[in-house]
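Student: when you get a sec, could you give me coordinates for this:
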Amino acid sequence: MKQIIEPQRKIDVIQEADVVVIGGGPAGIAAAVSAARNGAQTILLEMFGSLGGMQTQCLNASFSFIDPAIQGGIIDDITYGLKRNGGLIRDISKESRTGKGMGGIFFDVEAYKLLLDEMILAAGIKPLYHVFAAGAVMEKNHIKAVIIESKEGRQAILGKVFIDTTGSGDIIWKSGSPSISDGFSKGPKKGRHAGLGYTFFFGGVDYAKLKAFRREHPEEWGGLWGGKELIKKSKADGTLYGNRAAFLLSEVWGRGSIWILGPQYALPKGHHPWMTEDITQGSIDLRKQAWSMYNLLKKNVGGFEKSYIEKTPTMVLLRDAHRLLGEYTLTEADIRAAKVFDDSIAVSNMCPDVFGPDDEHEWIGSISLYDIPYRCLISKKTDNLMSAGATISTDFITWCATRYCTPSICTGQAAGTAAALAARKKVSPGKLDIKLLQETLSRQGARVGLKDVPKAVINEYQQKAERSAERSKASTF
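Tutor: Residues are numbered from 1 along each chain as shown. Below you'll find the model as predicted:
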């Protein structure tokens, strides 16, 4: 590859803070709000024009498996705020322990954007939108500043503690800090990444007619995922262009709009979800898949006759990219065993939701509740770097669970609280008193470990996992 030398130049420092959060998705929102509420001067950097990350830019307008006995704190503030501003479309969080569905809540994307603006401004956070975190300035094992690019050009932001909540570990690997970018760890897919995903909205759907159609075809369309035989037949005769084996159809808006999760763009071995050409080709291909799905459903499924594509995402789902190599890496064996950690800062009820590189999908519902240790949020080498959400230190299968929005809010709240306490105590996050952190999180309403969860609730989740194990076939990965 040809290279050029960039001329050395001085860069203006435009801001300085105790805590700098990079990425405004669920983890970044919780990290920034919790840091500010704990007294830290906080800056939140976001590359798009609104917060929400995958939930708003990729149209994934939900929090899965919300359960007040498992989570607490900022997730409660968000749920309450959505109820208050009319943005809560559907609340099925009571299903979280039953195994009947995904549980959680669905919301209006635009109402959620407004709520998040209000939350961060009320907390006293300094937001910077339309800025891209392009790199970091290091002093030995310490980040001195992050470099941003915007309409104003190249600038720098100084901080005491930096939290990478980009979902792709952008600052983790660009700073030279140790990272994980493994992809599938075993089987014929070893070394490949999960591929790029896509969601979009249909408008003008006759939902009553669609419901009747689903009742008339229960085997094909009665479940959460539908259309398997239609997809198989249409792929064979060339009338469907696409990579997925089933459609997820959900009425979220309550006004004839249907949310679709289905298209996926495969990444061959050696290709990665942070490469510009792959993201570009994936974006083009996924849009083509969406229109092919639209034509198929319009011709074959009742209720879609007068429908149209209402909205496609700003950004494709990048899924697994870089993650932090932390002081501890949470593994599939840990979460299967429900291992208890003395430094736990959150409890997760999210099972691994594994999207294969091609058209495979596996829900590993046989896993019950598990702890997430603080050490997964702390860099093994860079003393003032933390992560939350999809960038914490896990193996690939565990990442398939902790990447979800609800556990991301929980690890974000823990990271932001820890960063604020570390800045106040003038210590690195790795030197912070874990008991102080856990006590502070508990006062904020968060559940920090399995020890905080009632035994009856743990038993319910264990029974749910056992039922799922009985239904499941052998793993395909």
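
Student: state which helix of the chain is the longest.
Tutor: helix 276-300 (DSSP state H).

Student: now do the buried residues in stretch 201-213.
Tutor: Neighbour-count burial for stretch 201-213 flags Phe201, Phe202, Val205, Asp206, Leu210, Phe213 (criterion: 16 or more other C-beta atoms under 10 Å). (Each C-beta comes from the backbone N, C-alpha and C, glycine too.)

Student: that should have said stretch 262-277, apologies.
Tutor: So for stretch 262-277, counting by 16+ other C-beta under 10 Å, buried means Gly262, Pro263, Gln264, Tyr265, Ala266, Leu267, His271, His272, Pro273.

Student: quick one: end-to-end distance for it.
Tutor: End-to-end distance for stretch 262-277: 22 Å, by C-alpha to C-alpha, to the nearest Å.

Student: that stretch: how far from the chain's middle?
Tutor: Offset of stretch 262-277 from its chain centre (C-alpha atoms, centre = their mean, to the nearest Å): 18 Å.

Student: let me see the mean pLDDT of that stretch.
Tutor: Stretch 262-277 carries an average pLDDT of 91.

Student: ok, now stretch 406-418?
Tutor: Across stretch 406-418, pLDDT averages out at 98.

Student: and the longest helix of the chain, what other elements does it pack with?
Tutor: strand 196-203, helix 228-237, strand 258-265, strand 308-311 (3 or more C-beta pairs under 8 Å, 6 or more residues apart in numbering; DSSP states H and E).

Student: go with 7 Å
Tutor: Using 3 or more C-beta pairs under 7 Å, 6 or more residues apart in numbering; DSSP states H and E as the contact test, the elements touching helix 276-300 are strand 196-203, strand 258-265.

Student: for the ones you listed, give me JSON lines that also has distance to Thr42.
Tutor: Converted to JSON lines, the helices and strands packed on helix 276-300 look like this (distance: least, C-beta to C-beta, whole Å):
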{"stretch": "strand 196-203", "distance to Thr42": "30"}
{"stretch": "strand 258-265", "distance to Thr42": "33"}
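
Student: ok so, going back, the buried residues of stretch 262-277: which two are farthest apart?
Tutor: Gly262 and His272 (22.8 Å; C-beta to C-beta).

Student: mind listing what's buried along stretch 281-299?
Tutor: Within stretch 281-299, the residues that qualify as buried by neighbour count (16+ other C-beta under 10 Å) are 282-283, 285-287, 289-290, 292-294, 296-298.

Student: next one: stretch 112-121
Tutor: If you call a residue buried by 16+ other C-beta under 10 Å, then stretch 112-121 has these buried ones: Tyr112, Lys113, Leu115, Leu116, Met119, Ile120.

Student: now Ile417: how far from Tyr198?
Tutor: Ile isn't right for residue 417; it's Thr. Counting by C-beta to C-beta, to the nearest Å, the separation of Thr417 from Tyr198 is 34 Å.

Student: to clarify, my last question referred to His272.
Tutor: Taking C-beta to C-beta, one finds His272 at 18 Å from Tyr198.

Student: likewise for Ile409?
Tutor: 24 Å.

Student: got the domain boundaries for this structure?
Tutor: 12-183+321-471, 196-311 (automatic domain parsing).

Student: make CSV from the ones you listed and add distance to Ile5 to it.
Tutor: Below are the domains of the chain laid out as CSV (distance: least, C-beta to C-beta, whole Å):
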stretch, distance to Ile5
domain 12-183+321-471, 16
domain 196-311, 21
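
Student: deepest in the core, which of those is it.
Tutor: Here the criterion is mean neighbour count by mean count of other C-beta atoms under 10 Å, and of the domains of the chain the winner is domain 12-183+321-471, at a mean of 21.

Student: quick one: contacts for the residue nearest to Gly25 when sequence neighbours are not counted?
Tutor: Distance criterion C-beta to C-beta, 6 or more residues apart in numbering; nearest residue to Gly25, sequence neighbours excluded, is Gly53 at 2.2 Å. Neighbouring residues of Gly53 by C-beta atoms under 7 Å, 6 or more residues apart in numbering: Gly23, Gly24, Gly25, Pro26, Gly28, Gly167.

Student: and the third one, what's its pLDDT?
Tutor: Per-residue confidence (pLDDT) for Gly25: 97.

Student: and it, what does it touch?
Tutor: With C-beta under 7 Å, 6+ apart, Gly25 has these contacts: Gly52, Gly53, Met54, Thr165, Gly167, Gly389, Ser408.

Student: and it, how close does it get to Tyr328?
Tutor: Using C-beta to C-beta, Gly25 is found at 23 Å from Tyr328.

Student: okay, the buried residues of stretch 201-213 in TSV with pLDDT and distance to Ile434 next?
Tutor: Shown next, in TSV, are the buried residues of stretch 201-213 (pLDDT from 0 to 100; distance: C-beta to C-beta, whole Å):
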residue	pLDDT	distance to Ile434
Phe201	91	44
Phe202	91	48
Val205	92	50
Asp206	91	55
Leu210	92	51
Phe213	95	54
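
Student: okay if I get those as TSV plus distance to Ala246?
Tutor: Listed next are those as TSV, based on distance: C-beta to C-beta, whole Å:
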residue	distance to Ala246
Phe201	18
Phe202	16
Val205	18
Asp206	22
Leu210	16
Phe213	16
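
Student: setting aside sequence neighbours, what's the nearest residue to Leu286?
Tutor: Tyr198 (4.0 Å).

Student: which strands and helices lie in contact with the worst-scoring helix or strand of the chain on mean pLDDT?
Tutor: The least trusted helix or strand in the chain, going by mean pLDDT, DSSP states H and E, turns out to be strand 247-251, with a mean of 80. Packing contacts for strand 247-251, counted by 3+ C-beta pairs under 7 Å, 6+ apart, involve strand 225-226, strand 258-265.
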